[in-house]
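>>> coords please:
(one chain, ligands or ions: 1)
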Amino acid sequence: MRTRPLKVALLGCGVVGSEVARIMTTHADDLAARIGAPVELAGVAVRRPAKVRAGIDPALVTTDATALVKRGDIDVVVEVIGGIEPARTLIATAFEHGASVVSANKALLAQDGAALHAAAGEHGRDLYYEAAVAGAIPLIRPLRESLAGDKVNRVLGIVNGTTNFILDKMDSTGAGYQEALDEATALGYAEADPTADVEGFDAAAKAAILAGIAFHTRVRLDDVYREGMTEVTAADFASAKEMGCTIKLLAICERAADGASVTARVHPAMIPLSHPLASVRGAYNAVFVESDAAGQLMFYGPGAGGSPTASAVLGDLVAVCRNRLNGTTGPGESAYAALPVSPMGDVVTRYHISLDVADKPGVLAQVATVFAEHGVSIDTVRQQGKDGEASLVVVTHRASDAALTGTVEALRSLDTVRGVASIMRVEGE
Ligand SMILES: NC(=O)c1ccc[n+]([C@@H]2O[C@H](COP(=O)([O-])OP(=O)(O)OC[C@H]3O[C@@H](n4cnc5c(N)ncnc54)[C@H](OP(=O)(O)O)[C@@H]3O)[C@@H](O)[C@H]2O)c1
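Numbers count the residues shown, from 1 in each chain. Purely as a prediction, here's the structure:
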């Protein structure tokens with residue numbers, strides 16, 4: 001084993017960074033044996049230097065992250081600051097000064113992954129980011145390496161623990177959205193500002209990363225259709241139950257049936273209780289992958305938290321250090337397929353639509369005609385009347401999102417349709 005240590009600069013020492021430092025110290029001997037050389041924490045960049053950080057030598061702490069990555073003797077920079085800047089510039093500077101990079105930064109990778117990969121390639125360095133998608137769950141490496149000889153057709157996942165916790169609460173207790181969110185906040189599962197989670201931004205960043213790797217195609221954050229889950233109601237869960245379904249916020253990356261294009265989207269959807277993703281409870285994450293040769297695979301585990309996320313960071317650190325010792329690099333960006341990313345209108349799925357209608361003869365026929373005129377075929381209809389008003393629940397066969405949107409617009413213009421109470425896609429069948 002080489003005795004000269006590999007030097008690691010840790011950028012950020014918060015929820016994830018502090019656990020990375022802890023594991024690097026407590027597992028130092030095992031890490032050295034697995035890598036073939038010891039790893040040394042050479043510096044820790046933070047914002048508040050005076051904060052007491054258990055297990056961290058205060059002499060290593062600096063607020064000058066730029067100087068740390070420019071030192072020239074750093075082998076690997078671990079970026080766990082988060083956000084776009086200064087993380088982006090620090091990573092670019094790290095490559096320029098000869099370091100490889102391990103990051104957990106989904107927002108940055110989804111926005112600027114292509115440029116960062118190009119910078120890594122230009123300088124002959126590694127860029128690894130297993131922790132950026134679904135915390136501890138191995139996903140990037142299985143997609144990029146284990147399935148490199150297969151053809152992935154679909155990635156369907158619960159990739160945000162906060163929203164899964166909220167939806168699971170609504171499902172199991174009958175609580176409304178706000179009540180479930182309040183509980184998630186009180187228990188520390190939701191941030192004070194939960195927008196990134198509940199509006200689906202976090203999941204959309206992960207969907208962009210997963211789709212890019214799965215389909216060997218550059219998928220930008222703007223290519224991902226996104227709908228949050230703040231409008232999901234207790235009534236939606238009741239309807240889902242009647243259909244033998246539950247509701248999850250899903251990230252769905254799909255190759256079109258003809259294989260010529262792909263789509264990526266995030267939105268709440270009904271899935272059958274028999275689908276493996278339906279039983280993913282609490283803040284857990286799970287990703288279902290469908291490929292030509294392997295068939296169906298499911299990856300399940302904790303999608304966030306300091307220690308689980310640090311596990312993924314450490315796995316990358318070991319891989320990058322091994323590459324470094326061997327004078328090689330791991331796989332970079334693979335975007336050779338360059339498939340077009342189709343708009344949401346082209347997505348084909350089933351829909352559950354709940355309408356408030358006048359309770360009088362002929363309404364059902366009128367509504368059915370609108371569906372037929374737009375080429376959306378109805379699977380089932382359920383009608384419930386009360387005091388001259390009725391609710392009509394329509395479940396369709398597979399149709400394009402564009403056809404469904406046209407149908408709903410036409411339904412809204414009918415005098416007999418008082419309102420469209422909810423539209424929910426039905427997935428996983
Ligand atoms: N938390 C999770 O469960 C989780 C899961 C998966 C991925 N991630 C990703 O991991 C990354 C880190 O998340 P986190 O939860 O650990 O964040 P965090 O707890 O807020 O920690 C951020 C760290 O960065 C430091 N920092 C902030 N701005 C800085 C600057 N300009 N220069 C130097 N240091 C700076 C902070 O310093 P101070 O300590 O002085 O404030 C803090 O140590 C993010 O990209 C996040 O998306 C997190």
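
>>> Looking at the stretch 201-350 of the chain, which residue is nearest the ligand?
residue 304 (3.4 Å; C-beta to the nearest ligand atom). Using the backbone N, CA and C atoms, a C-beta is placed for each residue, glycine as well.

>>> so which residue of the stretch 51-200 of the chain comes closest to the ligand?
Closest approach between the stretch 51-200 of the chain and the ligand, counting by C-beta to the nearest ligand atom: residue 82, at 2.9 Å.

>>> I meant the chain, not that one.
residue 14 (1.9 Å).

>>> Tell me the spacing between the nearest residue to that residue once chain neighbours are set aside and residue 229.
Spatial nearest neighbour of residue 14, chain neighbours left out: residue 80 (7.0 Å); criterion: C-beta to C-beta, 6 or more residues apart in numbering. Counting by C-beta to C-beta, to the nearest Å, the gap from residue 80 to residue 229 is 27 Å.

>>> Same question for residue 376.
Residue 376 is 24 Å from residue 229, by C-beta to C-beta.

>>> higher neighbour count, these two?
Higher neighbour count among residue 376 and residue 229: residue 229, with 27 against 22, using other C-beta atoms under 10 Å.

>>> so the more buried one sits right up against residue 168, yeah?
No: checked against C-beta atoms under 8 Å, the pair residue 229 and residue 168 is beyond contact range at 11.8 Å.

>>> quick one: the helices in the stretch 51-200 of the chain?
65-69, 87-96, 106-122, 140-141, 161-173, 177-186, 195-198 (DSSP state H, counting those that start in this stretch).

>>> residues from this protein in reach of the ligand?
Residues of the chain lying close to the ligand (C-beta under 6 Å from any ligand atom) are 12-17, 45-48, 51, 65, 80-82, 86, 104-106, 131, 135, 304-305, 309.

>>> Tell me how many other residues surround the closest residue to residue 227 other than its chain neighbours.
Counting by C-beta to C-beta, 6+ apart, residue 267 is the residue found nearest to residue 227 once chain neighbours are left out, at 3.8 Å. By other C-beta under 10 Å, the residues close to residue 267 number 21.

>>> What of residue 19?
21.

>>> Quick check: the residue nearest to it when sequence neighbours are not counted vs residue 191, distance?
Closest residue to residue 19 apart from its sequence neighbours, by C-beta to C-beta, 6+ apart: residue 310 at 3.6 Å. Distance, residue 310 to residue 191, by C-beta to C-beta: 19 Å.

>>> out of those two, which sits in the more crowded spot?
residue 310 (27 against 13).

>>> State whether the more buried one and residue 20 are indeed in contact, as I suppose.
Yes: taking C-beta under 8 Å as the definition, residue 310 is a contact partner of residue 20 at 4.6 Å.

>>> Let me see the domain layout of this protein.
Following automatic domain parsing, one finds the domains of the chain at 6-135+306-326, 140-302, 344-426.

>>> All good on my end, thank you.
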